[in-house]
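J.: just the structure for this:
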Amino acid sequence: KSGREPNSRVSQGGFNVISSLVSGSVNRDSSHGIQRQQAHSEQEKAVPQGGRLLGMLGLSKSSSEPKKKPPPPPPRQTRSQDAEKAEEMFQEGNDYAKQEQWVEALAFYNAVLVLQRRTIGKDHPNSGRTLNAIGVALTKKGDYYSGLTALEEALYVRQTALGEGHPDVIETVNNMNILLDLVHKKDGNDQQQQTDSSGTKP
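T.: Down below sits the predicted model:
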């Protein structure tokens, strides 16, 4: 009996040691679990609602938002506004033409033609009207060759857009006839001057 008692004490002591180890590990696991729960709850409090997923991904809400685009440039004038501006400039050119200030009138007509070709196109009847006005102004200035070129282009635009018998087409044809008569008279006068200067009779 004396030989068995130490063994029972040892086994009982070993059981106690194992029990203490198991209970210690359980307590540590439970304490770690409590700490993890507390840390998780603190993290949930730190991350606002709606940004929890971004917080888990290591992103911030501000970094995920797109950058604001700069304001767009001010809009350019519309075609209708350009057309109104061209009409106003054309009338100003007409005012100078009535005063026979052909240089000033041509400056306005040329600016109008550039604006019209950009907005309504070179084959529009209004472009033909402006070309006709340019041809008349050049004729009045005595620049017959450039005037004839402008009137020929005006005639083509007006015939294409309006038809052969349209009054605007007839107007341009009459302006061309006037110009050609002036050219013939000029040529006749030049020949007369050459004859007079040479001392021969025609």
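J.: residue contacts, L106?
T.: The neighbourhood of L106, defined by C-beta atoms under 8 Å, 6 or more residues apart in numbering, consists of 93, 134, 137-138, 141. To be clear about C-beta, it is placed using only N, CA and C from the backbone, and glycine gets the same treatment.
J.: A133 versus that one, what's the distance?
T.: In this structure, L106 and A133 are separated by 9 Å, where distance is defined by C-beta to C-beta, to the nearest Å.
J.: what do those two both touch?
T.: G93.
J.: by neighbours, which of the contacts of L106 wins?
T.: Counting by other C-beta atoms under 10 Å, A137 has the largest number of neighbours within the contacts of L106, with 27 neighbours.
J.: so who does T149 touch?
T.: For T149, counting by C-beta under 8 Å, 6+ apart, the contacting residues are G135.
J.: against Y156, how distant is it?
T.: The span separating T149 from Y156 equals 11 Å under the rule C-beta to C-beta.
J.: repeat for S146
T.: As judged by C-beta to C-beta, S146 and Y156 stand 16 Å apart.
J.: same question for N177.
T.: As for N177, its distance to Y156 is 16 Å (criterion: C-beta to C-beta).
J.: now the protein, which segments are flagged as low pLDDT?
T.: By pLDDT under 70, the weakly predicted segments of the chain are 1-77, 194, 196-202.
J.: okay, strands next: where are they in it?
T.: In order along the chain, the chain carries no strands (DSSP state E).
J.: show me the helices in it, by range?
T.: Remark: helices of the chain, listed N- to C-terminal, are 5-46, 52-56, 61-64, 79-98, 102-119, 125-141, 144-162, 167-198; assignment by DSSP state H.
J.: got the CA positions of stretch 145-156 in PDB?
T.: Taking Å, rounded to 0.1, in the frame of the first residue of the first chain, the C-alpha atoms of stretch 145-156 are listed here in PDB:
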ATOM      1  CA  TYR A 145     -11.500  92.900-112.600                       C
ATOM      2  CA  SER A 146     -12.100  92.100-108.900                       C
ATOM      3  CA  GLY A 147     -15.700  93.400-109.200                       C
ATOM      4  CA  LEU A 148     -16.400  91.100-112.100                       C
ATOM      5  CA  THR A 149     -15.000  88.100-110.200                       C
ATOM      6  CA  ALA A 150     -17.300  88.900-107.200                       C
ATOM      7  CA  LEU A 151     -20.300  89.300-109.400                       C
ATOM      8  CA  GLU A 152     -19.700  86.100-111.300                       C
ATOM      9  CA  GLU A 153     -19.500  84.200-108.000                       C
ATOM     10  CA  ALA A 154     -22.700  86.000-106.800                       C
ATOM     11  CA  LEU A 155     -24.500  85.000-110.000                       C
ATOM     12  CA  TYR A 156     -23.500  81.400-109.600                       C
END
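J.: list the buried ones in that stretch?
T.: Residues of stretch 145-156 classed as buried: 147-148, 150-151, 153-155 (neighbour count, 16 or more other C-beta atoms under 10 Å).
J.: adding distance to Q81, write these out as TSV.
T.: Below are the buried residues of stretch 145-156 laid out as TSV (distance: C-beta to C-beta, whole Å):
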residue	distance to Q81
G147	31
L148	34
A150	27
L151	30
E153	26
A154	25
L155	30
